[in-house]
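>>> Predicted model, plus sequence, below.
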Amino acid sequence: MTIMIREEFKDDMLARGFSRRQMIRAAMMVGGAAATAFAFAPELAAAQEEESVKVRISSNECWTGPMPVGLAAFVKTAPMSNRYSPNNERGQLIKAIAQIENVPEDHIMPWPGSNEALVRSIFAFCSPTKSLVQADPSYETMGRAAKFLNVPIKNVALTADYRHDVKAMSAADGNAGVLYVVNPNNPTGTMTPTAEIEWLVDNKPAGSIVVIDEAYIHFSKDYPNNITSHLAAAGKDVLINRTFSKIFGMAGARVGYVMGRPDLLQKLRLYDGGYLSNMLPVASVACATASLGDKAMIAQRRKTLNDNRAMTMDFLTKRNFKVIGPSEANMVMVDWKTKSAKDMQAAFRAQGVGIGRSWPSWPNVSRITIGSKQDMEGFFAAFNKVVSA
């Protein structure tokens, strides 16, 4: 296999201390099937394990599917998929995002979901001497990318109430390349207040950027107030990642976007000129654009999710199981006390219910996706059998 690396990409990475072997590894990480397998390793593993289960509540997918207005746009556009961009779908999506987020159009770059841009942020802004600073536990894609490239990783424990400890993150490494904030956090679903993220942006180490992952932000009770797009519009050292995989129900359609200064976005294009950013499936992009402005449906889905999550937390706490929180996303973390999360995952699978994975720092805690009312009732029935056994 021949891997093409743009000259400016080579020069930039060599100047930051990457070896040629690490450069080839970086090239392998972006684009195509290899990148998908790398970025989505846990999700793909869960999907394979759940082919036979009846209740799928492991991968934080939205049980509803795409929004009706988005699905209509998808169906209308799909017959034109013989064209790369029959109606400038990418441009229409950028314009819609700019209007809703009040961010200039040149501060927006679409991607197939958010994982691709997260991975690229590691080799664009980190190096063998410039670390990734992240919360523990949190979403793993950035950490896997850093480990693959031998980038130093500084893990910072969450606060006692499960927020990102922004002061500890700021102090973790004076030579940090990226400080990664997931808000709401995955797997805990907990929120870090915007004011604290603003403090981190203003007090981070010089030369670093803050990558803010807002994949679950539409589930937050304070949305659209507790968001950070204003930091991108103000030209701060931030990249804000969003995806249509969650509340919009488009995990398999692969559409997301990044907001940030044009010079920061340009660094994400160093490998291939942003090929994947330009070549998203037109029907998926049309679905995303139509869905983005459906405020009523966003609110309706958020309310249904909140009701199902409250029902689940009530069920678990009444049975004396600790639930990490408060969660503002479509997931909760359940502490199994003396039982390992891996054993409990296997036990639930035997009952036809696929629950989520665990994190190394919390080996007895499982992530449970909040699904439909019927999904959660199936989880309750399996829980009663598993726990009684």
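Sure, I can see it.

>>> which residue ranges form the strands in this protein?
Ranges of strands in the chain, per DSSP state E, are 55-57, 108-111, 132-136, 153-157, 178-182, 209-213, 238-243, 256-260, 323-324, 331-335, 353-355, 365-369.

>>> Which one, of those strands, ends up nearest to Ser85?
Closest to Ser85 of these, according to C-beta to C-beta: strand 108-111, at 11.7 Å. The C-beta positions use only the backbone N, C-alpha and C, and glycine is treated the same way.

>>> Can you list the strands that that closest one pairs with?
Strand 108-111 has the following sheet partners, assigned by DSSP bridges: strand 256-260 (antiparallel).

>>> angle of the partner strand against strand 209-213?
Using axes from the mean of the first three to the mean of the last three C-alpha atoms, to 10 degrees, the direction of strand 256-260 lies 150 degrees away from that of strand 209-213.

>>> circling back to that earlier point, may I see the strands of the chain arranged in CSV, with mean neighbour count as well?
Listed next are the strands of the chain as CSV, based on neighbours: other C-beta atoms under 10 Å:
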stretch, mean neighbour count
strand 55-57, 23
strand 108-111, 24
strand 132-136, 25
strand 153-157, 17
strand 178-182, 27
strand 209-213, 27
strand 238-243, 27
strand 256-260, 26
strand 323-324, 20
strand 331-335, 22
strand 353-355, 26
strand 365-369, 25
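
>>> Of these, give the one that comes closest to Asp375.
Using C-beta to C-beta, the strands of the chain put strand 55-57 closest to Asp375, at 5.3 Å.

>>> pLDDT averaged over that closest one, what's the number?
If you average the pLDDT over strand 55-57, you get 96.

>>> which other helices and strands contact that strand?
If contacts are counted by 3 or more C-beta pairs under 8 Å, 6 or more residues apart in numbering; DSSP states H and E, strand 55-57 sits against strand 353-355, strand 365-369, helix 373-388.

>>> between the ones you listed, which gets nearest to Trp111?
strand 365-369 (23.1 Å).

>>> Compute the inter-axis angle for that closest one and helix 373-388.
With the same axes, to 10 degrees applied, the angle from strand 365-369 to helix 373-388 works out at 160 degrees.

>>> follow-up on the earlier one: got TSV for the helices and strands packed on strand 55-57, with mean pLDDT and distance to Lys221 too?
Below are the helices and strands packed on strand 55-57 laid out as TSV (pLDDT from 0 to 100; distance: least, C-beta to C-beta, whole Å):
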stretch	mean pLDDT	distance to Lys221
strand 353-355	97	24
strand 365-369	98	18
helix 373-388	97	19
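
>>> and of the strands of the chain, who's closest to Arg269?
Proximity to Arg269 (C-beta to C-beta) singles out strand 108-111 among the strands of the chain, at 8.1 Å.

>>> contacts for that closest one?
90, 93-94, 97-98, 101, 117, 255-260, 265, 268, 274, 276-277, 280, 285 (C-beta atoms under 8 Å, 6 or more residues apart in numbering).

>>> Switch the strands of the chain over to a markdown table; also include distance to Ala172.
A markdown table is the format used below for the strands of the chain (distance: least, C-beta to C-beta, whole Å):
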| stretch | distance to Ala172 |
| --- | --- |
| strand 55-57 | 34 |
| strand 108-111 | 27 |
| strand 132-136 | 5 |
| strand 153-157 | 4 |
| strand 178-182 | 8 |
| strand 209-213 | 13 |
| strand 238-243 | 18 |
| strand 256-260 | 22 |
| strand 323-324 | 23 |
| strand 331-335 | 23 |
| strand 353-355 | 32 |
| strand 365-369 | 23 |
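
>>> Much appreciated, bye for now.
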